[in-house]
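Engineer: Build me a structure from this.
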Amino acid sequence: MKTFSLLHPRDQIVSIMERIYGHEMTTTSGGNISVRDENGDVWITPARVDKGSLRRQDIVRIGPNGEQEGLHPPSSESPFHLSVYEVRPDLHAVIHAHPGALVSFSICGQVPDTHLFPEAWHVCGTVAFAPYALPGSIKLGARIADQCGSKARPNCVVLENHGVVVGGDTLAKAFERFETLEFTAQIILNARLLGPVNYLSEAQIELSKKPRNLLPEGSSKEPSSREKELRKEISDFIHRAYEHRLVTSTWGSFSARVDEESFVVTPSHVDRRELGLEDLVLVRNGKYTPDQKPSRAAGLHRAIYRAHPEIEAIVNALPLNGSAFCVSESPLDTRTIPESYLFLKDVVKIPFNQQFGDGEEVAAVVGPKNPVALLENNGVLVAGHTVLDAFDRLEVLEATAAAIIRSRALGSISGMGPEVIQELLGAFPGL
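Structural biologist: Down below sits the predicted model:
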């Protein structure tokens, strides 16, 4: 969100509400967003206005002395927004909404454990819980403020029977937390249908902070026609992946091979929905331009490219159903429908500790014969002959995982036996 900070708070709020409503993480009447600016003014969504057609002129200003300016009254939840800002001067944006998975946690009196993935912990941290109070009441504001202002100073609070409140020093940061926390909650719920959920230890969280094994180089070169073409393909597919909820705004990496020594990869710390051609990073001989930061997965991708000349594209993703298998002991059985096995083969799982070395252990497992892997507590990895091929496999993986999870309501799976598999391989030798 490089240009997002240049938008007026009114426009920031409208933009983020469009994303929240567009991904069905709130309803027409539910949810509210506020931004506190440098003057102490709080800009907030209005009461009783359709969240699906919110306009910048609908946003209400509440001044430091409580004066209000706008076409509508402010959200009925404005008291708790103001309470949060009072106890947390470091926060300048608050999001409250009713996303489905987090509401499930709220009505069961629980919070999602963000030790599920490194990204979830790094983005969201500890999640607090506020006991129920009447919506819009001073009591609710006090209970949320008590949690936000506690010693742990959490930025995410689940509200009993009510949804979630998330804060950030910017609205962009608050949204990253909100989105990541809802993804985490959804994946936990999906994984619970498969069996017990595995979480990361503190030592594993620390391991995930290891620096990337790439070095900056002094200058960049004029991109070739192939590099330009690949930048467009990656940009298009990362946007599609975001809209299909296969990656989050902060988590998900695409790369494609330019030649024997170089590849183009998505950057770190750039919103996947807003990513542009210029944001992509060229890695050549293990080096990149110093004014850019390649994805933390770039070193792993490089190891796979070096080991397998046939691989031309790689994707790291966090699909809501496929990722449930990476935090569960349940195997992802691709011997369910012909397309699943032909596109995915047998899906392997890479132990968490192997994911943060030089990449050679992963490259020894993932290749043309095994193009798909579950990364233990870290999403999925998919390789392909083209960017389209890799993305296609990612979608097949997610559809297969979703079918298996849903089948738990019906009974045991009727899988395809060895004879069927051999018949498939004989009929489709090129896949």
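Engineer: Could you list the alpha-carbon positions for stretch 93-101 in PDB?
Structural biologist: Output of stretch 93-101 as PDB, limited to C-alpha atoms (Å, rounded to 0.1, in the frame of the first residue of the first chain):
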ATOM      1  CA  ALA A  93      -6.800   3.100  13.100                       C
ATOM      2  CA  VAL A  94      -9.400   0.600  14.400                       C
ATOM      3  CA  ILE A  95     -11.500  -2.000  12.500                       C
ATOM      4  CA  HIS A  96     -14.500  -3.800  13.900                       C
ATOM      5  CA  ALA A  97     -16.400  -6.300  11.900                       C
ATOM      6  CA  HIS A  98     -18.100  -9.700  12.000                       C
ATOM      7  CA  PRO A  99     -16.000 -12.100   9.800                       C
ATOM      8  CA  GLY A 100     -17.500 -15.600   9.800                       C
ATOM      9  CA  ALA A 101     -14.600 -17.600  11.400                       C
END
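Engineer: Next one: the residue nearest the centre of the chain from E119, what distance?
Structural biologist: The centre of the chain sits closest to T248, judged by CA atoms, centre = their mean, with a distance of 2.5 Å. Distance, T248 to E119, using CB to CB, to the nearest Å: 8 Å. The way it works is simple: take the backbone N, C-alpha and C, and place the C-beta from them, glycine included.
Engineer: list residues touching both of the two?
Structural biologist: Here T248 and E119 share the contacting residues 180, 318, scored by CB atoms under 8 Å, 6 or more residues apart in numbering.
Engineer: Please name the spatially closest residue to T26 (chain neighbours excluded).
Structural biologist: A97 (4.0 Å; CB to CB, 6 or more residues apart in numbering).
Engineer: what bridges to the one you found?
Structural biologist: In this entry, A97 is beta-bridged to V164, by DSSP bridges.
Engineer: Would you mind confirming that Q186 is in contact with F105?
Structural biologist: No - judged on CB atoms under 8 Å, Q186 makes no contact with F105 at a distance of 10.3 Å.
Engineer: residues contacting the spatially closest residue to P351 that is not a sequence neighbour?
Structural biologist: Leaving aside its chain neighbours, P351 sits nearest to E376 (5.4 Å; criterion: CB to CB, 6+ apart). Residues near E376 by CB under 8 Å, 6+ apart: 198, 326-327, 349-352, 355.
Engineer: Looking at the residues you listed, which are in helices?
Structural biologist: C326 (DSSP state H).
Engineer: Most neighbours of all the contacts of E376, which one?
Structural biologist: When neighbours are counted by other CB atoms under 10 Å, C326 leads the contacts of E376 with 28 neighbours.
Engineer: Distance check, that residue against I350.
Structural biologist: For C326 relative to I350 (CB to CB), the value is 9 Å.
Engineer: What of Y288?
Structural biologist: Counting by CB to CB - Y288 and I350 are separated by 24 Å.
Engineer: Following element in sequence after the lowest-mean-pLDDT helix or strand in the chain, please.
Structural biologist: For the chain, counting by mean pLDDT, DSSP states H and E, strand 215-216 ranks last in confidence among helices and strands (a mean of 82). Note on strand 215-216: by DSSP states H and E, the next helix or strand toward the C-terminus is helix 225-243.
Engineer: Run the chain-centre distance for the helix or strand following that following helix.
Structural biologist: Reading on from helix 225-243 to the C-terminus, the next helix or strand found by DSSP H and E is strand 253-259. How far strand 253-259 lies from its chain's middle: 20 Å, per CA atoms, centre = their mean, to the nearest Å.
Engineer: ok, now stretch 188-198?
Structural biologist: 18 Å.
Engineer: Compute the first-to-last residue distance for that stretch.
Structural biologist: End-to-end distance for stretch 188-198, by CA to CA, to the nearest Å: 10 Å.
Engineer: List the buried residues of it.
Structural biologist: Residues of stretch 188-198 classed as buried: 188-191, 193-194, 197 (neighbour count, 16 or more other CB atoms under 10 Å).
Engineer: can you list contacts of it?
Structural biologist: With CB under 8 Å, 6+ apart as the criterion, stretch 188-198 contacts 101, 104, 112-113, 116, 320-321, 323-325, 327-330, 376-377, 405, 408.
Engineer: mind checking pLDDT for G415?
Structural biologist: Listed pLDDT for G415 reads 89.
Engineer: What is the burial count for it?
Structural biologist: Neighbours of G415 under the rule other CB under 10 Å: 13.
Engineer: again with the one 10 residues further on
Structural biologist: The number of residues packed near L425 is 13, by other CB under 10 Å.
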